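**Q** Build me a model from this:
(2 chains)
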2 protein chains.
Amino acid sequence: MFPVVRVVVMFSLAGGALCAQAPAPAAAGPTAEQVMLRKIYSEALGRGAAHDNLRALVTQAPGRLSGSKALERAVVWAEQTLTDLKLDRVAKQEVKVPHWTRGTAESVKLLPPSGSAGNSSSLTAVALGNSVPGDVTAEVVKVGSLAELEKLGRAVAGKIVFFDRAMNPEHIATGRAYGEAGEGRNRGPAAAAQLGAVGALTRSLTLAKDDVPHTGATAYAPGQPNIPAAALSYLAADRLVAALAEKPRLRVALRVNSRWFNPATSHNVIGEIRGTEFPEQIILVGGHLDSWDTTPGAHDDGAGVVQSIEVLRIFRALGIAPRHTVRCVLFTNEENGTAGAAAYAAAAKEAKEKHLFAVESDNGGFQPRSFSLGSTQGEAHVRATRWLPLFEPYGVMAFTKGTGGADVAPLMLQGATVAGLTADSQRYFDYHHAATDTIETVHPRELHLGAAALAALIWLVDTQGL
Amino acid sequence: MFPVVRVVVMFSLAGGALCAQAPAPAAAGPTAEQVMLRKIYSEALGRGAAHDNLRALVTQAPGRLSGSKALERAVVWAEQTLTDLKLDRVAKQEVKVPHWTRGTAESVKLLPPSGSAGNSSSLTAVALGNSVPGDVTAEVVKVGSLAELEKLGRAVAGKIVFFDRAMNPEHIATGRAYGEAGEGRNRGPAAAAQLGAVGALTRSLTLAKDDVPHTGATAYAPGQPNIPAAALSYLAADRLVAALAEKPRLRVALRVNSRWFNPATSHNVIGEIRGTEFPEQIILVGGHLDSWDTTPGAHDDGAGVVQSIEVLRIFRALGIAPRHTVRCVLFTNEENGTAGAAAYAAAAKEAKEKHLFAVESDNGGFQPRSFSLGSTQGEAHVRATRWLPLFEPYGVMAFTKGTGGADVAPLMLQGATVAGLTADSQRYFDYHHAATDTIETVHPRELHLGAAALAALIWLVDTQGL
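**A** Next comes the predicted model:
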């Protein structure tokens, strides 16, 4: 059953119930701001195009890694999709991007200890992004952290280091667990290489106890030794742990077939509605077009791409003529280089463009819960808090301090207030950087609520300033 | 990518950021309440058993409609699962429940107008719960509301009335859309029958544009004519609308093979931890064991069942000895009679049991967002608001006014404060009362967050009163 009374009160238009000390609703009827937010949300939920757009993007261009044909198909798709909105300007900005490929599929095999009899068996794994190629067979040393690795020192020389740190399920915000557990993937292979290790394995950064491996970038120190590196699925990591408990001297054969090419040509894709009063002042909304090669990239960051496009569609559909230029920027190469963001910021500086505000969606297409804001001019998140009563009826419950998304952060140094849409994080890492990040895991209403939240915030910044 | 900084701030332990006017966190470290809530959430997220229990329940006993063998298998499972927790008491309460079956599958066929040539084609449909059997072929009259039906009056005599009202996607709380659109299913067949109609069809109450039909109870007026009634899937309803636009005099053949039996024997299942100070005063947490016959009933209400059990497991695991008796009640027959709730309330009254507090989870196993509370002694939700800063770090953002769930509402008249856990509603009606309400649609973390919220609230009521 589903008694209605309990739910209706939660998101009443007045919204006061959601925050005990919020001001009482005006008896005189909704304000102009309340009316506009209602229109924006109705457009997004009633006639939203973002989910259909996302289906098209991930169907036509899965695996949009920098340098791939899929990414350039995504660029063509994005330009056409923005063109169809009949905006005031659609353009591409050329960007040189790193070009790494994994080549034929990597493999990780469990072998009996040297000199022992026994069969080999495969462990489900995926090479880490940026991994050098290699084909090594060695004993395995399991560590729980970089600190533990440092203690072992040269004892890992000639070995394969296995970073076995699971994300902590007890954190409410899963991004916190991701950040804590991420050192093994981010810096582990480089640290192990410097101690003489010949290969590196990590436990996938996920909370889903399944056999799906999750990739992501690893970083090598310039001029230092590099070793091949791969992430095991959660269950494969469990298998390796169990096997090591039984046979500490077992060996693993790790093969990575990756290759670096010369930088490739890619593009940021830009569409805008010109401002009626201050066309030279820009409010930016964006996401990143590229994804890892092993995934459709529906949440990361197809969602941010189609939500950003949707903001312009909503403005057009409602006949909103913004005072400032509202620009959608679909960045290239966020995952392994952020060259798109750097090129955009450099061009903006060169052209002396003034960015008032730049918000990115890159937390997945889940329900929006808050915005993070950063500014070099005081506490933007505190100033934005005056809008909280407008957003609470729609489930956006906070403005917090942050530095925006990776693609918009550089604009803060040029004076822009930067922001990120924070989506509900419970399910995100089940799919993040994995083949399971599919359109089926993106709920249309949750995606469209995010687009509406972005459009509402941009409308408020445009009409009232921040 | 997933920059961590934005997410960490959202659910900081202090929680103040989520509500602008919340008190600042104490510099002296966390309070005893903050420490206990942290323990409860860690237990639920780190070692939660609810999702595994849910898998067992819906695998062993899908389609737990009153009178079915599946429901009695669920009773056995529930008793055993509570027994395994080594509680102070596990018991069953016998309840006589209505026994309706749909028999062999119902069918809805589209036929050409009388006298015309053409083929018939099937429309995906499911009989409404309580529908009388029947086999009728007639022209179709489409109406958008009961009011529209009343205007047509006897013009619908001899026809099949098609209630074509979709849930409004523009509402944020989908329960509101469900409530508004529900009249056609709830009262439409009875109203049409009184005007001489021979059958009734409704558009399924869902926001998912798919071919899955959703059942649910319809109610006939006692002593008045009854007609067979079925719900079309969303897409089948669209097909019927399109077909009627082309051929207004087309006919539909509706066949329902349902049957009423004599009332069956079922059981409420009860487990409790006896209170150390006030064992005769009861704090109740519950859900309902039964489901519709056509669905595994994972969200509705397997989720509430396993969350209620999980509250006791968490208390045991943390060594919490409550001052009052904490009782888990798994009600039978919520979907088509609420005989379990009535029997429980009657027995409580008879035994002069004092229920301090009774909370139900019956909104699906999605992320908890708020609690609704009702009391005959003043505004319980206002009193509970003092606990909001404790819950905000965990995403429970409001205490609102309500009447609890259907199973606990009767206890309000006996002086209990009643409550309902309000879960995020965006995805609920995609699955509600349909074959798609499967374990795969229930996310372990979301389910476990709900169990933790229930345990936390019960611990606060037990230690501090409400």
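**Q** how far does the strand or helix carrying residue A:152 sit from the chain's center?
**A** Under the criterion of DSSP states H and E, residue A:152 resides in helix A:146-152. Chain-centre distance of helix A:146-152: 30 Å, with C-alpha atoms, centre = their mean, to the nearest Å.
**Q** same check, this time on stretch A:290-309
**A** That offset, for stretch A:290-309, works out to 8 Å (C-alpha atoms, centre = their mean).
**Q** Residue A:243: neighbouring residues, count only.
**A** Residue A:243 sits with 17 neighbouring residues when counted by other C-beta atoms under 10 Å in any protein chain shown. Heads up, the C-betas are built off the backbone N, CA and C, glycines and all.
**Q** Would you mind identifying the next helix or strand past the helix or strand harbouring it?
**A** Residue A:243 is part of helix A:234-246 when elements are defined by DSSP H and E. Later in the chain than helix A:234-246, the nearest helix or strand by DSSP H and E is strand A:251-256.
**Q** what angle do that next one and helix A:234-246 make?
**A** Comparing the axes of strand A:251-256 and helix A:234-246 via axes from the mean of the first three to the mean of the last three C-alpha atoms, to 10 degrees yields an angle of 150 degrees.
**Q** on that earlier part again, mind listing what's buried in the helix holding residue A:243?
**A** A:234, A:235, A:236, A:237, A:238, A:239, A:240, A:243, A:244 (16 or more other C-beta atoms under 10 Å in any protein chain shown).
**Q** quick one: which of the residues you listed is nearest chain B?
**A** residue A:234 (13.2 Å; C-beta to the nearest C-beta).
**Q** ok, the closest one touching residue A:202?
**A** No: using C-beta atoms under 8 Å, residue A:234 is not in contact with residue A:202, being 11.2 Å away.
**Q** Find me the pLDDT at residue A:234, would you?
**A** Per-residue pLDDT puts residue A:234 at 98.
**Q** Let me see the confidence value for the residue lying closest to it once chain neighbours are set aside.
**A** By the measure of C-beta to C-beta, 6 or more residues apart in numbering or on different chains, the closest residue to residue A:234 outside its immediate chain neighbours is residue A:209, 5.2 Å from it. Per-residue confidence (pLDDT) for residue A:209: 96.
**Q** what's the burial count for residue A:209?
**A** So residue A:209, with other C-beta under 10 Å, has 13 neighbours.
**Q** quick revisit: partner strands of the helix or strand following the helix holding residue A:152 and their direction?
**A** Using DSSP H and E, the helix or strand that directly follows helix A:146-152 along the chain is strand A:160-163. Looking at strand A:160-163 with DSSP bridges, its partner strands are strand A:134-143 (parallel), strand A:199-203 (parallel).
**Q** Quick one: mean pLDDT over the shortest one.
**A** Translated: strand A:199-203. 98.
**Q** The following helix or strand past that strand - contacts with which helices or strands?
**A** Using DSSP H and E, the helix or strand that follows strand A:199-203 towards the C-terminus is strand A:229-232. If you count contacts as 3 or more C-beta pairs under 8 Å, 6 or more residues apart in numbering or on different chains; DSSP states H and E, strand A:229-232 packs onto strand A:125-127, strand A:199-203, strand A:251-256.
**Q** How about residues contacting the longest one?
**A** Taking C-beta atoms under 8 Å, 6 or more residues apart in numbering or on different chains as the criterion, the residues outside strand A:251-256 that touch it are A:102, A:106-114, A:120, A:123, A:127, A:131-140, A:160, A:162, A:199, A:201, A:228-230, A:240.
**Q** The same query, at a cut-off of 7 Å, please.
**A** Applying C-beta atoms under 7 Å, 6 or more residues apart in numbering or on different chains, the contact partners of strand A:251-256 are A:106-111, A:113-114, A:127, A:131, A:133-140, A:160, A:199, A:201, A:228, A:230.
**Q** what does stretch A:235-249 give?
**A** A:110, A:113, A:123-125, A:139-140, A:142, A:162, A:164, A:203, A:209-211, A:232, A:250.
**Q** Let's see that with 6 Å instead.
**A** Contact partners of stretch A:235-249, identified using C-beta atoms under 6 Å, 6 or more residues apart in numbering or on different chains, comprise A:110, A:113, A:123, A:124, A:139, A:142, A:203, A:211, A:250.
**Q** Need the residues you listed in JSON lines (columns: neighbour count and distance to residue B:188).
**A** Below are the contacts of stretch A:235-249 laid out as JSON lines (neighbours: other C-beta atoms under 10 Å in any protein chain shown; distance: C-beta to C-beta, whole Å):
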{"residue": "A:110", "neighbour count": "21", "distance to residue B:188": "62"}
{"residue": "A:113", "neighbour count": "13", "distance to residue B:188": "72"}
{"residue": "A:123", "neighbour count": "23", "distance to residue B:188": "57"}
{"residue": "A:124", "neighbour count": "19", "distance to residue B:188": "52"}
{"residue": "A:139", "neighbour count": "18", "distance to residue B:188": "71"}
{"residue": "A:142", "neighbour count": "18", "distance to residue B:188": "64"}
{"residue": "A:203", "neighbour count": "26", "distance to residue B:188": "55"}
{"residue": "A:211", "neighbour count": "15", "distance to residue B:188": "48"}
{"residue": "A:250", "neighbour count": "18", "distance to residue B:188": "67"}
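**Q** What is the burial count for residue A:84?
**A** Residue A:84, neighbours per other C-beta under 10 Å, totals 12.
**Q** From residue A:291, how far out is residue A:79?
**A** Separation of residue A:79 from residue A:291 (C-beta to C-beta, to the nearest Å): 18 Å.
**Q** Sweet, I'm off.
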